[in-house]
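A.B. asks: Give me a model of this one.
(2 chains)
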Amino acid sequence: ETGVTQTPRHLVMGMTNKKSLKCEQHLGHNAMYWYKQSAKKPLELMFVYSLEERVENNSVPSRFSPECPNSSHLFLHLHTLQPEDSALYLCASSPDRLPDTQYFGPGTRLTVL
Amino acid sequence: QKEVEQDPGPLSVPEGAIVSLNCTYSNSAFQYFMWYRQYSRKGPELLMYTYSSGNKEDGRFTAQVDKSSKYISLFIRDSQPSDSATYLCAMSAFRGSTLGRLYFGRGTQLTVWP
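C.D. replies: Model (predicted):
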């Protein structure tokens, strides 16, 4: 699990705040993913980056803004979130866009007040 | 209709029991099937991976895929308290392409009590 790290592990923010989630992978992978995990719901794929290029954006509201400055780092910038955005945000990486080889980080537990 | 259906449980069994976890799916194009285990306050970790129909065994874990019924299973033999976690099924239609995304079930919460 230390192959993919996420910070912070917990975040509480107001609806007017701006914050960022950080993900770093130490596995030499070239694809990175953001997922949202809500209670009793399947994991929702939010964004996919391959070789630092965004290749997928699954109709995510614009209040979520990803950034991938290099193949080891992925950010999720948050602004004017809603309480329903409270969830566990998981980052994953894979050596290519191979679905069966995704390695997940521990997640950031986000609470929006 | 959801792509992948999985009973969220919770499922509670005594130590040593055989556990059966299941998922059904609707997309006949799925051919890669995975089981992930997620401990509390951790990210999911890949437990088993199978391609197309058939069985795969790894220690106490056996994964089964029945594509004709669109049904997959994970069996845990001689279950241990350390197996207590949420088990997520996942599946995909393609590999290594822009279509190679994973579709997840909701996860089944399992507790094995001593």
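
A.B. asks: C-alpha only now, for contacts and for neighbours.
C.D. replies: Noted.

A.B. asks: mind checking how far the residue nearest the centre of chain A is from A:Gly105?
C.D. replies: In chain A, the residue lying closest to the centroid (CA atoms, centre = their mean) is A:Trp34, at 3.1 Å. For A:Trp34, the distance to A:Gly105 equals 10 Å [CA to CA, to the nearest Å].

A.B. asks: overlap in contacts of the two?
C.D. replies: A:Leu90, A:Cys91, A:Ala92 (CA atoms under 8 Å, 6 or more residues apart in numbering or on different chains).

A.B. asks: Quick check: beta-bridge partners of the second one?
C.D. replies: Looking back up the chat, that one is A:Cys91. For A:Cys91, the beta-bridge partners under DSSP bridges are A:Trp34.

A.B. asks: wait, what's in contact with it?
C.D. replies: A:Cys91 neighbours (CA under 8 Å, 6+ apart): A:Val4, A:Gln6, A:Cys23, A:Met32, A:Tyr33, A:Trp34, A:Tyr35, A:Phe104, A:Gly105, A:Pro106, A:Gly107.

A.B. asks: for the last one, same thing?
C.D. replies: If a contact means CA under 8 Å, 6+ apart, then A:Ala92 has A:Val4, A:Met32, A:Tyr33, A:Trp34, A:Tyr35, A:Gln102, A:Tyr103, A:Phe104, A:Gly105 as its contacts.

A.B. asks: Just flag the most distant two among these.
C.D. replies: Taking CA to CA, the two most distant members of those are A:Val4 and A:Tyr35; they sit 13.7 Å apart.

A.B. asks: can I assume A:His73 is in contact with A:Gln25?
C.D. replies: Yes. Assessed by CA atoms under 8 Å, A:His73 is found in contact with A:Gln25 at 6.6 Å.

A.B. asks: Pick out whichever of the two has more residues nearby.
C.D. replies: Neighbour count, other CA atoms under 10 Å in any protein chain shown: between A:His73 and A:Gln25, A:Gln25 has more, with 26 against 18.
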